[in-house]
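A.B. asks: prediction below, plus the sequence it came from.
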Amino acid sequence: MTERMAPTPPDPHLWLEDIEGDDALAWVDAQNRRTLDAFFDADAQATSDAIRAALDSEDRIPGVSKLGEHYYNFWRDQQHPKGLWRRTTWGSYTKDAPQWEVLLDVDALAAADGVDWVFHGARVRRTDRRRALILLSPDGGDAHEVREFDLTTRTFVDEGFHLPTAKAQAAWLDDDTLLIATDFGPGSLTDSTYPRSARVLRRGQGLDEAREIRSVPQELLSIFTGVDRTPGFERALIVEAIDFYRSRTWVRDLPLTDAGLVPEDDLTAGWTLIDVPEDVSVDFDRDVLLFRPRTEWTGTGSGGAPFTIPAGALAVAPYDAYVHDGGAAAVTPRVLFSPETGPQPRTSLQGWSFTRDHLVLSFLTDVRSQLRIVDRADLLGDTVAEAAAGSADRGATAGAGSPAAGAEETAPGGSDLPGREFPGLDPLLSVGMGAIDPDDDATANDVWMTVSGFLTPTTLLRGTLGAGDSPDQAPAPVKRAPELFDATGLQVTQHMAQSQDGTRVPYFQVGPAASAAGADGQASPAPVLLDGYGGFEVSRLPGYAATIGVGWLEKGGTYVLANIRGGGEYGPQWHTAALRENRHRAYEDFVAVARDLVARGVTVPQSLACSGGSNGGLLVGNMLTQFPDDFGAVSCGVPLLDMRRYTQLSAGASWAAEYGDPDDPDDWEFIRTFSPYHLLDEPGERSYPPVLFWTATSDDRVGPVQARKMAAKMQAHGVEDVWFYEDREGGHSAASDNEQAARTRALSYAFLMRSLTGARTQG
């Protein structure tokens with residue numbers, strides 16, 4: 001909060017911010033009836049039923065995670081809409097019809113408790129795998145209860161650990177101790193509505209008895225907790241999140257006995273701050289520490305040699321030497337991956353996964369998946385010798401293989417990556433690879449591999465990465481998902497549009513082959529749906545989506561996914577290019593794709609719709625208000641729209657690093673240029689395409705009020721083709737179960753298709 005406050009424009013619709021208020025809910029009910037009467041007819045119901053049947057398909061792949069001898073899965077279907085938490089063995093999982101042991105039936109629990117529970121996950125105790133912490137949301141929002149569960153009796157533990165509903169975190173320190181962050185009462189949450197205190201809770205204690213380890217000021221984003229129980233490398237960590245992109249990480253070794261924590265250890269002392277700039281994220285695995293800077297990291301390494309690690313790179317150092325012996329001054333991080341340099345880099349790191357003897361790197365080149373495997377023995381390279389030399393005479397000499405003192409070490413380019421590339425990947429498919437269970441000797445170097453595309457159902461494969469002289473065992477298919485919609489005559493193509501400042505913006509197009517070619521250059525009235533996000537460094541990649549296939553492609557529509565700035569498709573540079581005062585670039589990129597589709601003859605503006613949710617809702621809200629002539633319809637879900645008040649609504653304060661602080665007059669000057677609620681022209685001055693706003697009352701992240709107020713303001717301005725729908729449950733996803741997910745998507749598709757074709761009933 002700043003001392004100078006930006007002016008607050010008058011707002012006659014503030015009464016709709018009373019989320020559970022009688023008047024506000026009466027308005028919601030009236031809007032819902034109007035929208036459903038206009039669009040949710042028998043055809044929309046049939047689409048909803050078809051989408052739900054696809055989501056509930058018994059033949060889809062049950063995703064699993066391995067712990068001990070079991071493979072755990074959470075499953076929803078028509079008989080179990082709230083879901084089953086269950087497990088099986090590997091031998092059973094490979095069969096067409098595995099035998100599952102049901103641990104928790106969420107539907108039965110909801111009926112018994114009289115609470116509409118939504119499963120948020122489970123934290124199994126790794127020491128014996130007999131207990132778990134179950135996370136249950138009462139309405140699909142981000143807040144949940146935490147309850148201790150006995151996997152042997154398959155019941156909740158009487159007088160066991162229990163955290164009331166909050167945006168809570170909990171991790172097992174030992175059988176009778178948790179590291180937690182939750183709502184401890186007045187003053188214990190940040191302005192962003194997240195926990196600000198990390199504490200140790202022992203069995204039998206109340207929350208008020210939990211001992212505080214660290215806390216952050218109220219204006220910071222949150223505090224996060226975690227425990228690494230890798231045998232021989234047990235550690236606890238606490239992350240102080242300053243904002244979405246800056247943090248400080250504290251670590252502490254855990255001296256464990258057979259009974260757990262040393263009894264006299266209260267964990268209040270012995271924490272070490274990992275010495276990196278605040279915008280460098282860190283990760284660790286066994287003896288390895290990883291660094292990923294968001295901006296260029298320059299520093300002084302061992303022997304006084306300066307070093308530079310580019311933004312978006314991945315660097316590595318020995319954990320003990322870096323954490324306990326003095327940071328980069330003790331051992332200079334070694335760069336493993338560096339994005340290409342230049343005005344528009346083509347490569348970006350997307351993630352990584354450790355097996356026991358390997359590091360798997362996932363990265364993109366022009367939004368096309370690539371994998372690289374680095375042997376753990378080759379990870380640290382000269383930094384091991386450097387650390388050893390430094391331990392003998394810290395700072396006297398540069399480590400073996402490191403630059404001479406005073407010489408600058410520069411990261412290698414993207415073409416100098418260590419390790420080996422995984423060959424044979426289809427450029428239009430998304431490919432992922434991750435470790436199965438490195439702690440189990442039998443699966444130490446086993447990996448899952450997933451392959452999926454817009455028209456290609458997911459295949460799950462399993463392989464083994466070779467250790468020592470052993471060769472890799474190529475991944476072999478384990479499960480194949482069924483085709484859930486008719487893709488006959490459809491194809492996937494990738495294209496580049498040029499944004500206003502000359503930046504090339506990639507996008508994928510999915511539809512009939514004729515539309516991909518632009519129908520011989522002739523404008524087509526075929527309905528096209530343009531989707532995007534463009535924020536928080538989130539990458540949007542190809543993937544099989546039955547909802548799009550059933551609800552849009554099978555009905556003759558073409559689907560387009562734009563990889564605009566603000567996302568992570570080209571790394572941090574692509575994201576920061578659309579931050580704060582540069583937000584307009586994301587919107588210029590998106591409309592450039594829309595205009596490229598028209599220029600290529602794929603569609604015409606009257607047949608082109610756009611859709612987006614959350615930050616994507618802000619995106620399409622700006623299409624509605626800034627570029628209304630380029631679109632024939634807009635579907636705007638769980639959106640940010642009132643950028644003057646967003647920091648005061650739900651968890652909005654947490655996104656000030658992305659958009660700016662609207663209370664700061666200087667920030668408000670640029671924020672107001674992309675605040676759709678304030679960009680609406682006076683009544684009658686401009687026409688707008690038909691728009692549907694959809695949200696959920698229980699959304700405790702963005703909240704429903706911005707969509708409410710935008711719809712109300714447009715209707716008050718006399719804009720007739722403005723529609724609104726709000727479900728009571730579902731949280732920020734607006735989908736507490738498959739039935740709700742199918743209904744919401746079917747409503748959106750019905751609105752869009754009928755708005756573009758004119759086949760609808762006016763409300």
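C.D. replies: Sure, I can see it. Numbers count the residues shown, from 1 in each chain.
A.B. asks: from here on, contacts and neighbour counts on C-alpha atoms
C.D. replies: Will do.
A.B. asks: in this structure, where's the longest helix?
C.D. replies: helix 738-757 (DSSP state H).
A.B. asks: just the strands in the stretch 501-650 of the chain please.
C.D. replies: If DSSP state E, counting those that start in this stretch is used as the criterion, the strands of the stretch 501-650 of the chain fall at 504-512, 528-531, 558-562, 608-613, 633-637.
A.B. asks: I'd like the average pLDDT over the longest one.
C.D. replies: Strand 504-512 shows an average pLDDT of 98 in the prediction.
A.B. asks: what's the answer for the shortest one, then?
C.D. replies: The average pLDDT within strand 528-531 is 99.
A.B. asks: mind giving me the packing neighbours of that strand?
C.D. replies: strand 558-562, strand 608-613 (3 or more CA pairs under 8 Å, 6 or more residues apart in numbering; DSSP states H and E).
A.B. asks: among those, which comes closest to residue 136?
C.D. replies: strand 608-613 (23.9 Å; CA to CA).
A.B. asks: and the closest one, which strands flank it?
C.D. replies: Strand 608-613 has the following sheet partners, assigned by DSSP bridges: strand 528-531 (parallel), strand 633-637 (parallel).
A.B. asks: kindly reformat the ones you listed as CSV containing mean neighbour count.
C.D. replies: Putting these into CSV (neighbours: other CA atoms under 10 Å) gives the following:
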stretch, mean neighbour count
strand 528-531, 28
strand 633-637, 29
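A.B. asks: could you dump those strands to a markdown table with distance to residue 293?
C.D. replies: A markdown table is the format used below for the strands paired with strand 608-613 (distance: least, CA to CA, whole Å):
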| stretch | distance to residue 293 |
| --- | --- |
| strand 528-531 | 29 |
| strand 633-637 | 32 |
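A.B. asks: closest to residue 201 out of those?
C.D. replies: Closest to residue 201 of the strands paired with strand 608-613, according to CA to CA: strand 633-637, at 38.9 Å.
A.B. asks: tell me what angle the closest one forms with helix 738-757.
C.D. replies: Put simply, strand 633-637 runs at 160 degrees to helix 738-757, going by axes from the mean of the first three to the mean of the last three CA atoms, to 10 degrees.
A.B. asks: starting at the chain centroid, how far to strand 633-637?
C.D. replies: Relative to the chain's own centre, strand 633-637 is displaced by 21 Å; criterion: CA atoms, centre = their mean, to the nearest Å.
A.B. asks: export it to CSV, keeping only CA atoms.
C.D. replies: Extracted C-alpha coordinates of strand 633-637, given in CSV (Å, rounded to 0.1, in the frame of the first residue of the first chain):
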residue,chain,number,x,y,z
ALA,A,633,-18.7,-13.6,-29.4
VAL,A,634,-16.8,-13.8,-26.1
SER,A,635,-16.9,-16.4,-23.3
CYS,A,636,-15.3,-14.9,-20.2
GLY,A,637,-14.9,-17.3,-17.3
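A.B. asks: I'd like the next helix or strand past it.
C.D. replies: Following strand 633-637 in sequence order, the next helix or strand is helix 656-659 (DSSP states H and E).
A.B. asks: how far off centre is the following helix or strand past that following helix?
C.D. replies: Where DSSP H and E defines the elements, the next helix or strand beyond helix 656-659 is helix 665-671. In terms of CA atoms, centre = their mean, the centre of helix 665-671 is set 28 Å apart from its chain centre.
A.B. asks: show the residue spans covered by the helices in the stretch 1-150 of the chain.
C.D. replies: For the stretch 1-150 of the chain, the helices defined by DSSP state H, counting those that start in this stretch occupy 22-39, 42-55, 90-93, 106-113.
A.B. asks: residue 41: which of the strands paired with strand 608-613 is closest?
C.D. replies: Nearest to residue 41, of all the strands paired with strand 608-613, is strand 633-637, at 18.1 Å by CA to CA.
A.B. asks: so which of the helices of the stretch 1-150 of the chain is nearest residue 677?
C.D. replies: Closest to residue 677 of those is helix 22-39 (CA to CA; 18.3 Å).
A.B. asks: list the buried residues of that closest one.
C.D. replies: Neighbour-count burial for helix 22-39 flags 24, 25, 28, 29, 31, 32, 34, 35, 36, 38, 39 (criterion: 16 or more other CA atoms under 10 Å).
A.B. asks: now pLDDT and distance to residue 10 too, for those residues, in JSON lines please.
C.D. replies: Formatted as JSON lines, those follow (pLDDT from 0 to 100; distance: CA to CA, whole Å):
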{"residue": "24", "pLDDT": "98", "distance to residue 10": "19"}
{"residue": "25", "pLDDT": "98", "distance to residue 10": "22"}
{"residue": "28", "pLDDT": "98", "distance to residue 10": "22"}
{"residue": "29", "pLDDT": "98", "distance to residue 10": "26"}
{"residue": "31", "pLDDT": "98", "distance to residue 10": "24"}
{"residue": "32", "pLDDT": "98", "distance to residue 10": "27"}
{"residue": "34", "pLDDT": "98", "distance to residue 10": "28"}
{"residue": "35", "pLDDT": "98", "distance to residue 10": "28"}
{"residue": "36", "pLDDT": "98", "distance to residue 10": "31"}
{"residue": "38", "pLDDT": "97", "distance to residue 10": "32"}
{"residue": "39", "pLDDT": "98", "distance to residue 10": "33"}
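A.B. asks: out of the residues you listed, the closest to residue 160 would be?
C.D. replies: For those, the residue nearest residue 160 by CA to CA is residue 25; the value is 37.9 Å.
A.B. asks: from residue 433, how far out is residue 64?
C.D. replies: 14 Å (CA to CA, to the nearest Å).
A.B. asks: next: residue 373.
C.D. replies: Residue 373 sits 10 Å away from residue 433, going by CA to CA.
A.B. asks: shared neighbours of the two, anything?
C.D. replies: Residues touching both residue 373 and residue 433 (CA atoms under 8 Å, 6 or more residues apart in numbering) are residue 360.
A.B. asks: alright, I will stop here.
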